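S.K.: Need a 3D model of the following:
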Amino acid sequence: ADGAFVRDVAIEVFAELGDYGRILPTWLVHDGVLTHVAEEAGVPVGYTMLGFYTAGPTRQNEYVADLLAIAVSPRAQGRGIGKQLLDHAIGQAALARRRMPVVELRLSVAEPNARARQLFAQFGFDFVDGEHGRYDGGQRALHMSRPVKP
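M.R.: Numbers count the residues shown, from 1 in each chain. Down below sits the predicted model:
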């Protein structure tokens, strides 16, 4: 039921990064992806998408949580909703750790997005070394992570 909201906000918020209005709604129905929608007075104002995956071929018994998307509708920005959504995503990763060995929360952020990079750093995310590719819009993708604590 929130597909249209997710799509519309993705089109507005992520337009310079690529066609996320097409991509993000497909993640809504993907196994292993949790989508949480923030509301004010019953009106959706933002969302997160959190995926859970094995940590990699050498770490088959560990999982990572991947913050695939965090977005706040332009009409609701500047009121702390992004901080609340990020705090909630961190809490969801910690909650998942009770059932499976989630050791890390990861995300990607476009290099020019200083506001988001600062927010993530405030919540304990550190940059991951290496080249992590580019968004469809040409921006360099930076990866950040933080441990998931029980």
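S.K.: rest of the way, CA atoms for contacts and neighbours
M.R.: OK.
S.K.: for the chain, which strand is longest?
M.R.: The residue-count maximum for a strand in the chain (DSSP state E) belongs to strand 43-54.
S.K.: how big is the angle separating the following helix or strand past that strand from strand 43-54?
M.R.: Proceeding N to C from strand 43-54, the next assigned helix or strand is strand 63-72, under DSSP states H and E. For strand 63-72 and strand 43-54, the angle between their directions (axes from the mean of the first three to the mean of the last three CA atoms, to 10 degrees) works out to 160 degrees.
S.K.: what comes into contact with strand 63-72?
M.R.: Outside strand 63-72, the residues within contact range by CA atoms under 8 Å, 6 or more residues apart in numbering are 9-10, 13, 45-55, 81-82, 85-86, 89, 93, 100-108.
S.K.: picking that back up, now do the buried residues in the longest strand of the chain.
M.R.: Neighbour-count burial for strand 43-54, counted by 16 or more other CA atoms under 10 Å, picks out 44-52.
S.K.: Quick check: can you name the pairing partners of it and their directions?
M.R.: Partners of strand 43-54 in the sheet, by DSSP bridges, are strand 33-40 (antiparallel), strand 63-72 (antiparallel).
S.K.: export those to JSON lines and tack on mean pLDDT?
M.R.: Formatted as JSON lines, the entries for these read as follows, by pLDDT from 0 to 100:
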{"stretch": "strand 33-40", "mean pLDDT": "94"}
{"stretch": "strand 63-72", "mean pLDDT": "96"}
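S.K.: Identify, out of the ones you listed, the most deeply packed stretch.
M.R.: Using mean count of other CA atoms under 10 Å, the stretch among these with the greatest mean number of neighbours is strand 63-72 (a mean of 22).
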